[in-house]
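> Structure here, sequence nowhere to be found:
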């Protein structure tokens, strides 16, 4: 002890996580290693969006969206992750996962003679053929795609809303708007992920990622792709290239390591 009552002892270094944010956008498998001392993390898992349908196509469904808060993790440990790619036209998106927790790829939009696919969010239906019902989404990940009347495609489902039904004849016709995505500030900046693609409207391709459906009369049958690294669905297209459906946007994984536990935690762990 010192004369002024102070205490002499070892200096201990706090080794809890420092609110580090790691964003992974490259598709495929890799690992994220947590900092020494990290005990809790928030993480966002967004799968690849579905491609839009062709030939009066429905919008692609958004990739599955899941955000987990204050989840236990182990410091200085590698965690396996997979970032799913977006689907090409008439193709569903791929799964993303963090530590074996998967989000389902977005369902493809329907096209003439082919039904829309179930996915994280479901694909919108095509205006042509017998399959005019949008596909279902996955519980807690996304919503269903929109149905399709004559002359327009349904919007793909999004993370927070169903895809809209297109408007049919008598005109003017327009494709259904893609279902809205979900916003999060996990990376420190508010960003919206996993919007559904817009359905084809007679004369105009749909927009990707929560975009509006095509309208008639429109400038072109070319559809818009979903935005990369957001899991957005591709817009529905008119016909063969270059007027086929838009590709879905790739997914992403974001991990935010928290600087302390919520509630009571072990002093031996933190100090």
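That came in fine, so what should we check first? Note that the coordinates shown come from a computational prediction; the quantities given were computed from them, not determined experimentally.
> Can you report how many residues lie near residue 163?
If you count neighbours by other C-beta atoms under 10 Å, residue 163 ends up with 46. Where you see a C-beta, it was placed from the backbone N, CA and C, and this is true even at glycine.
> hmm, I was thinking of residue 129
16.
> What ranges does this structure have for its helices?
Ranges of helices within the chain are 267-270, based on DSSP state H.
> Could you point out which residue ranges in it have low pLDDT?
Applying pLDDT under 70 to the chain flags the ranges 1-17, 169-172, 202-221, 260-271.
> Recalculate using a threshold of 80.
Applying pLDDT under 80 to the chain flags residues 1-18, 128-130, 150-151, 168-173, 201-222, 239-243, 259-271.
> And the strands in it?
Remark: strands assigned in the chain by DSSP state E are 21-24, 28-33, 40-46, 65-72, 78-83, 96-98, 101-103, 182-184, 191-193, 252-257.
> Can you add mean neighbour count and give the ones you listed back as TSV?
Shown next, in TSV, are these (neighbours: other C-beta atoms under 10 Å):
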stretch	mean neighbour count
strand 21-24	16
strand 28-33	13
strand 40-46	25
strand 65-72	16
strand 78-83	18
strand 96-98	25
strand 101-103	21
strand 182-184	16
strand 191-193	22
strand 252-257	24
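> Could you save these as CSV and add columns showing distance to residue 131?
Listed next are the strands of the chain as CSV, based on distance: least, C-beta to C-beta, whole Å:
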stretch, distance to residue 131
strand 21-24, 36
strand 28-33, 32
strand 40-46, 27
strand 65-72, 25
strand 78-83, 30
strand 96-98, 27
strand 101-103, 25
strand 182-184, 28
strand 191-193, 28
strand 252-257, 31
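> The ones you listed: which one's closest to residue 128?
With C-beta to C-beta as the criterion, residue 128 lies closest to strand 65-72 of the strands of the chain, at 29.6 Å.
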